[in-house]
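Colleague: this one's sequence-less:
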């Protein structure tokens, strides 16, 4: 009888634990606090050929970086400490899946007398190679960049030239930049977030700064760009949404292939407010996933989606009031976070169904144990 009850308890415990695991909600998890030095204004992309997240450059309160790091899902590895694009920050980066190359364009450095770049570099996992120096597009920083998988092109949008805001679109094929003609789309802007939605075959652009002054006008528009052919023309569409993240800049965005949704985190109002909310966009509407948890108030961090591990990886960032220039050392972050957007569930049974099954099992098991005990007692009496 003791063994029977023990078995019943073990099975019941397993079912209850399974219920909890099977109904886990999307969540952030702190996965590392070592690796690259604390920084912001760097960039991260996922290398799907080698299954690592690649990170380059950035800046802290004293210097700009020129190091290359890779994250394998467990730890960071320093792959190069120089010999590539040089010290710079607020550049654009994307991963060309067809050619297995990380592509870097533009940016600026240093703090005190910023120079804006328009060179193009590629990382093959071992070496940085300059592909194009002082060529189109014009020099800029904080432009949106993402890889269009169906057209096999790196796309670049907007940015700040050091004297004016931009809203042009360019495509990189591994050899040449081509200007893409489009209909009337987003007004000139910088510090937007841009990704490629594989399921809907279109680029998604959110937010950004539309007036180049501190505490200036920001956007919370959601634009989508369709590109029927590799050379264009492209078609912009302003999406009509009932709710969305507030107007902001310097946020992070990634396409979550495990759910088919675009994820957005954090950012700033470019003045006195820094955000810590997590949003998802399914191609028609935005949904707030978490409002008060995760990496905390943060902007100018790196963020990329890891296809193999089905999680979004976030590193570094800045927490300072935008009016503090340059920010103090304590405002730069060194933590690595991951976000799992999958909500595990059992559609056919559900939580209450499993609970009912567990209760039924307990009742049946108890009855069986009692009958077995009575049967043994009767046998002993004989």
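Modeller: Now that the structure is in, tell me what you want to look at. Since we're looking at a predicted model, the values are computed, not measured.

Colleague: what sits against the nearest residue to residue 300 once chain neighbours are set aside?
Modeller: Take residue 300 and drop its neighbours on the chain: the residue closest to it by Cβ to Cβ, 6 or more residues apart in numbering is residue 40, 3.9 Å away. (Each C-beta comes from the backbone N, C-alpha and C, glycine too.) Neighbouring residues of residue 40 by Cβ atoms under 8 Å, 6 or more residues apart in numbering: 58, 59, 60, 89, 299, 300, 301, 316, 317, 318, 332, 333.

Colleague: how far away is residue 40 from residue 152?
Modeller: According to Cβ to Cβ, to the nearest Å, residue 40 and residue 152 sit 31 Å apart.

Colleague: will you turn the contacts of residue 40 into a markdown table that also has neighbour count?
Modeller: Output for the contacts of residue 40, formatted as a markdown table (neighbours: other Cβ atoms under 10 Å):
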| residue | neighbour count |
| --- | --- |
| 58 | 32 |
| 59 | 25 |
| 60 | 21 |
| 89 | 26 |
| 299 | 27 |
| 300 | 31 |
| 301 | 27 |
| 316 | 28 |
| 317 | 31 |
| 318 | 27 |
| 332 | 22 |
| 333 | 22 |
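
Colleague: Out of those, which is nearest to residue 117?
Modeller: Taking Cβ to Cβ as the measure, residue 117 lies nearest residue 89 of those, at 10.7 Å.

Colleague: quick one: the closest one and residue 114, what's the gap?
Modeller: Using Cβ to Cβ, residue 89 is found at 9 Å from residue 114.

Colleague: Identify the contacts common to the two.
Modeller: Contact criterion Cβ under 8 Å, 6+ apart; residues shared by residue 89 and residue 114: residue 108.

Colleague: how close does residue 120 get to residue 209?
Modeller: Taking Cβ to Cβ, one finds residue 120 at 24 Å from residue 209.

Colleague: just the helices in the protein please.
Modeller: With DSSP state H, the ranges of helices along the chain come out as 2-22, 350-381.

Colleague: rank those by mean pLDDT and give me the bottom one.
Modeller: Mean pLDDT values for the helices of the chain show the minimum at helix 2-22, a mean of 44.

Colleague: and stretch 29-45, how far apart are its ends?
Modeller: End-to-end distance for stretch 29-45, by Cα to Cα, to the nearest Å: 19 Å.

Colleague: next one: stretch 321-341
Modeller: With Cα to Cα as the measure, stretch 321-341 spans 29 Å from end to end.

Colleague: Can you mark which positions in it are buried?
Modeller: 322, 327, 331-341 (16 or more other Cβ atoms under 10 Å).

Colleague: Repeat that for stretch 29-36.
Modeller: By neighbour count with 16+ other Cβ under 10 Å, stretch 29-36 contains the buried residues 31, 32, 35, 36.

Colleague: wait, which of the residues you listed is closest to residue 140?
Modeller: Taking the buried residues of stretch 29-36 together and measuring to residue 140 by Cβ to Cβ, the closest member is residue 36, at 24.9 Å.

Colleague: I figured the closest one hits residue 333, correct?
Modeller: No. Residue 36 is beyond contact range of residue 333, at 10.7 Å (criterion: Cβ atoms under 8 Å).

Colleague: between those two, what contacts are shared?
Modeller: Common neighbours of residue 36 and residue 333, counting by Cβ under 8 Å, 6+ apart, are residue 316.

Colleague: ok, and what's touching stretch 75-90?
Modeller: Identification of contacts with stretch 75-90 by Cβ under 8 Å, 6+ apart yields 32, 34-36, 40-42, 56-59, 63-71, 91, 104, 107-110, 117, 119, 121, 123, 125-128, 130, 141-142, 300, 336.

Colleague: Poorly predicted segments of the chain, please.
Modeller: 1-24, 291-292, 322-326, 343-382 (pLDDT under 70).

Colleague: Can you tell me how far residue 148 is from residue 98?
Modeller: Distance of residue 148 to residue 98, given as Cβ to Cβ: 10 Å.

Colleague: And residue 327, by the same measure?
Modeller: Look at residue 327 and residue 98: by Cβ to Cβ, they are 39 Å apart.

Colleague: could you show me where the strands are in the stretch 201-350 of the chain, in order?
Modeller: For the stretch 201-350 of the chain, applying DSSP state E, counting those that start in this stretch gives strands covering 202-209, 218-226, 235-238, 252-256, 261-268, 274-281, 286-290, 302-306, 311-315, 336-340.

Colleague: will you turn those into JSON lines that also has distance to residue 46?
Modeller: JSON lines is the format used below for the strands of the stretch 201-350 of the chain (distance: least, Cβ to Cβ, whole Å):
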{"stretch": "strand 202-209", "distance to residue 46": "17"}
{"stretch": "strand 218-226", "distance to residue 46": "21"}
{"stretch": "strand 235-238", "distance to residue 46": "26"}
{"stretch": "strand 252-256", "distance to residue 46": "8"}
{"stretch": "strand 261-268", "distance to residue 46": "13"}
{"stretch": "strand 274-281", "distance to residue 46": "18"}
{"stretch": "strand 286-290", "distance to residue 46": "20"}
{"stretch": "strand 302-306", "distance to residue 46": "5"}
{"stretch": "strand 311-315", "distance to residue 46": "8"}
{"stretch": "strand 336-340", "distance to residue 46": "12"}
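
Colleague: Quick one: closest of those to residue 180.
Modeller: Ranking these by their distance to residue 180 (criterion: Cβ to Cβ) puts strand 218-226 first, at 8.7 Å.
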